[in-house]
Every structure is written in C-alpha cells, then in structure tokens.
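Colleague: this one's sequence-less:
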C-alpha cells in the first residue's frame, strides 16, 4: 500500500506517517514548512521531503491513497492533481477510522482533559500488556509516537478533538472516529472561529453522543454541569456511565485517593486530573481492567508533556508548564497548584495564543479565571494578531476582562523582567500557554 501525506509535517500527521511505515506501508509526503521535532523525526525514518514545497508532479497513479492534513488548503496543487487522477483522499481522522473500523474505538472528547485522560488509558493498558491502537495529541512517556497502529489489536484509543477535520471536510474530528465508547470530560465554549455560538458548539457534542451505538457506552463527568446537561438530555441508547471526583486528601504535597479501605498515592494532582482518572478507570473497565488492576497501574503515571509538567523544582519552589488555554482550564490548573501548596505564593502567567483567546468578543469568558493566583500576568503578541489577520487588542481592555490586578504585556522581554522581579524561588511559578510565550526562555 502506497500512501502520500499532504502536509506531512503536522504534529499528528508525521506521527501517523511513521506509524504506517512501521506497519509496512510505503509512505511519502510533502509540506511547505516543517519544524522541530517533526523535521528530525521524519529525517530519522527517511520520510523528510527533499524540498519544502507543493509539487503536483509527485502525485501519480501509483499512489493508492492520500492523507490530508489541516494545514493544506483546498486549492493545493497536489490535492487538485489527486482529484484529477481519482485517487482516494482521506483526512487523517478518516484514515485512522479506516485503519481501525473493525476494532472497538474508545474516543475521548471534551473542551479540556482529553490528552490527559487518553494518556491515562494508554498507560494502564500498556502496563497490563493489552495491545491497542492509539492517537493522542502529546508525546507520552514510554510511547515513541503519538499514533500507533497494528494488525492484531482489538481496541483503539483516540483523543477526539472537536476542531475541523480538513479543508475538504468540515466535520469535527471526533465525529469521524465513530466511537463505541465515548467520553466527555468537559464542555466549555472554544474554537469560536468555527463555532460562532455556544449553542453551535454544544451541538457538536450532541452529534457525538447520538452516533454512539446501542451496544456502546457514554462516560461523562457529572461534576460538570454543562457536560451533565448535554449528556442526560441528548437521546441515546448507549449505556450512560457518569463519574465524579473521588474522595481524596493531600499530605505533604502528595495527593491520595481512598478506595474502600485503601489509600492510594498518586503522582498527578488537582481536581481535574482526579476526574480524568475516573473517566480512564471506566474506559479501562470496558477493556477488561478491574479496579484493583487500574489503581496498581495509575499510581506510577506521571502525566504528559506540557500538562502540569515540572520544569524546575527544589525544596521551596516549583516551576510548572501547562497547555491551559480555555478559561475553565486556567481556573482548574491554578486551583490544582494552589490546593497542593496552599501556603506557598503562586505566580501565574498566561499567553493568549489561540483564535478564541485572541478574540475581543471572547475575552469576558476569562473573568476571574486567574483569581486564585497571588501574582498574575497575561502576554499577547501583536505580531501573532497580525499573522492571524485579527483585530488588534487593547492592553487595558485585556486587563479589565481578566481582572484589574492582572498585568498585561505585549513584549516577552518585559514579561520576563516582571517574572524575574517577583520570582525569588520561594514561590510556585505556573506558565500556561498552547504556544511558546513568543519564544521566551522558560528557564528561571
């Protein structure tokens, strides 16, 4: 089978290309720009395109299928050539479904918590030597790639993003995977550039629920009012499995949960992570893992890259990096760190980076999202707004929406000076962004 990837440099795309090559497929690809770590990883496997460009001549009748990334536009010359030749074009979610359509698919959806929940399920299944296919949006310790495919597995675990599938397919990705077991971790309006109203955004989750078969399961967070409402009001014949935050205590910076008479110590913390763990526990039960086996494995789970990842730590302070970008995730992440160290000052820094976060109309949703932090600041890049062709934001307006005690910066160097003037290594420092803080060094 010969597969060509248009936009092979994407985070998931290059991982899928590697996974298919490992499966024995002949793989080629193209892109107009490829950055690290994708560049080095593709080069390692001999998949790095020789030139960074689109070239219709690379598309021939000998290609069996095209896999299309979100980065490619509808008028891409390679897409047009493939259409002329009648070659089947798949989005990467469609091709993941094609590879796993005869397996039971566990799909994790939600505005936040998807990656962590997916990683927990993967970790526990791997711990107990259960073979499975997977797709996850972050590098997970113990897994070489973010995509895994095999001929013999009977289960597939997918992180189900609600963003659009491709330039040719405007369905949300998590609809395409056709879940046998669907998980919804949280619902908080996001991606307003493609879902202009909250009601429109909610409808995507209703569609996800309605498409779960009668033989399937819907696992959902009953502690989240929006999730509970959408899951319990949407008609479905699937089995409903609600979960809530388990009983827990914090001792000397370690979170313990109590299960019957057992006290189980964890390496993760925060209410949202405990909820994610309960979602994972129910999904693993579907895969044949009992409660005792689940807790045996999950005790050693350390989390995922950029999700409350520890960058530096000593006896008096910790520097965390987190992917938080939605208002609800900011609030949950700050609350988690503050609850773990209630007597230690917390400095919280956030970068506006996504289309939603940089949208003036969306800013009011951030009101009080950082309230539990002792010192807080927000960065946004004027260059990023120009690149995204979005209206310029006013610094005072950003501050007013977050709260008047939040400092706002447009210059990463000024932000770094602010951090250095407040961070004495006797506080916790929390750095939250789905971007790179405009390239600012995160070493403090």
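Modeller: That came in fine, so what should we check first? All figures in this text were calculated on a predicted structure; none of them were measured in a lab.
Colleague: Packing partners of whichever strand or helix holds residue 429?
Modeller: Residue 429 is part of strand 428-432, with elements assigned from DSSP states H and E. With contacts taken as 3 or more Cβ pairs under 8 Å, 6 or more residues apart in numbering; DSSP states H and E, strand 428-432 sits against strand 318-322, helix 327-340, strand 346-351. Just so you know, the C-beta spots here come from the backbone N, C-alpha and C atoms, and that holds for glycine as well.
Colleague: neighbouring strands for that strand, and are they parallel or not?
Modeller: In the sheet, strand 428-432 lines up against strand 318-322 (parallel), strand 346-351 (parallel) (DSSP bridges).
Colleague: right, and the ones you listed - which one's nearest residue 177?
Modeller: strand 318-322 (26.1 Å; Cβ to Cβ).
Colleague: In a strand, residue 249, correct?
Modeller: Yes - the assignment for residue 249 (DSSP: H, G, I helix; E, B strand; the rest coil) places it in a strand.
Colleague: quick one: it and residue 266 touch, right?
Modeller: No - look at residue 249 against residue 266 with Cβ atoms under 8 Å: they stay out of range, at 11.1 Å.
Colleague: Which one's more surrounded, the two?
Modeller: Set side by side, residue 249 and residue 266 show more neighbours around residue 266, with 19 against 10, by other Cβ atoms under 10 Å.
Colleague: Any figure for the gap between residue 130 and residue 404?
Modeller: 52 Å (Cβ to Cβ, to the nearest Å).
Colleague: And these two? Which one has more around it.
Modeller: Neighbour totals were compared for residue 130 and residue 404, and residue 130 leads with 15 against 8 (other Cβ under 10 Å).
Colleague: The more buried one: what's it in contact with?
Modeller: Applying Cβ atoms under 8 Å, 6 or more residues apart in numbering to residue 130 gives the contacts 155, 287-289.
Colleague: 10 Å instead?
Modeller: 124, 153-155, 284, 287-289 (Cβ atoms under 10 Å, 6 or more residues apart in numbering).
Colleague: Make sure it is indeed in a helix.
Modeller: No - Residue 130: not assigned to a helix; according to three-state DSSP it is coil.
Colleague: mind checking the SS state of residue 420?
Modeller: Residue 420 - assigned by three-state DSSP - is helix.
Colleague: So for it, what pLDDT did the model give?
Modeller: With respect to pLDDT, residue 420 has a value of 96.
Colleague: From residue 203, how far out is the closest residue to residue 206 other than its chain neighbours?
Modeller: Leaving aside its chain neighbours, residue 206 sits nearest to residue 234 (4.7 Å; criterion: Cβ to Cβ, 6 or more residues apart in numbering). Per Cβ to Cβ, residue 234 is found 10 Å from residue 203.
Colleague: Of these two, which one has the most company?
Modeller: Using other Cβ under 10 Å, the more surrounded residue of residue 234 and residue 203 is residue 234, with 17 against 14.
Colleague: This protein - how does it break down into domains?
Modeller: Domain assignment for the chain, taken from automatic domain parsing, gives 2-86, 95-298, 309-439.
Colleague: how far out from the middle of the chain is the strand holding residue 429?
Modeller: Counting by Cα atoms, centre = their mean, to the nearest Å, strand 428-432 is centred 19 Å from the centre of its parent chain.
Colleague: And it, what's buried?
Modeller: By 16 or more other Cβ atoms under 10 Å, the buried positions in strand 428-432 come out as 428-432.
Colleague: What sits closest to residue 120 if chain neighbours are left out?
Modeller: residue 280 (3.7 Å).
Colleague: quick one, what contacts that neighbour?
Modeller: Contact partners of residue 280, counting by Cβ under 10 Å, 6+ apart, are 106, 108, 116-125, 157, 183, 185, 219, 243, 289, 294, 297-298, 301.
Colleague: Narrow these to those that are buried.
Modeller: Listed as buried from the contacts of residue 280 are 106, 108, 116-125, 157, 183, 185, 219, 243, 289, 294, 297-298, 301; burial here means 16+ other Cβ under 10 Å.
Colleague: Now do the buried residues in stretch 7-24.
Modeller: So stretch 7-24, judged by 16+ other Cβ under 10 Å, has buried residues 7-10, 12-22.
Colleague: should've said stretch 395-407
Modeller: 398-399, 401-402, 406-407.
Colleague: Equivalent analysis for stretch 257-273, please.
Modeller: For stretch 257-273, burial by neighbour count (16+ other Cβ under 10 Å) applies to 257, 266, 268-273.
Colleague: How far away from the center of its chain is it?
Modeller: Relative to where its chain is centred, stretch 257-273 has its mean C-alpha point 23 Å off (Cα atoms, centre = their mean).
Colleague: How about stretch 418-433?
Modeller: Per Cα atoms, centre = their mean, the displacement of stretch 418-433 from the mean C-alpha position of its chain is 25 Å.
Colleague: Tell me the spacing between residue 241 and residue 184.
Modeller: 11 Å.
Colleague: Residue 348 now?
Modeller: Applying Cβ to Cβ to residue 348 and residue 184 gives a distance of 27 Å.
Colleague: go on, residue 169?
Modeller: Computed with Cβ to Cβ, the distance linking residue 169 and residue 184 is 22 Å.
Colleague: Also residue 289?
Modeller: Residue 289 is 21 Å from residue 184, by Cβ to Cβ.
Colleague: One more: residue 77?
Modeller: 39 Å.
Colleague: Mind naming the longest helix for this protein?
Modeller: Longest helix of the chain, by residue count under DSSP state H: helix 271-286.
Colleague: Now residue 220, what are its backbone angles?
Modeller: Note on residue 220: its backbone torsions stand at phi -150, psi 150 [degrees, to the nearest 10].
Colleague: if we can go back for a sec, so which of the domains of the chain is the most packed in?
Modeller: Compared across the domains of the chain, domain 95-298 shows the largest average neighbour count, a mean of 19 (mean count of other Cβ atoms under 10 Å).
Colleague: Could you work out the end-to-end span of it for me?
Modeller: 31 Å (Cα to Cα, to the nearest Å).
Colleague: chain center to it: distance?
Modeller: With Cα atoms, centre = their mean, you get 11 Å for domain 95-298.
Colleague: again with stretch 399-409
Modeller: For stretch 399-409 - counting by Cα atoms, centre = their mean - the centre lies 27 Å from the chain centre.
Colleague: how long is that stretch end to end?
Modeller: Using Cα to Cα, the end-to-end distance of stretch 399-409 comes out at 10 Å.
Colleague: and it, what's its mean pLDDT?
Modeller: Mean per-residue pLDDT for stretch 399-409: 92.
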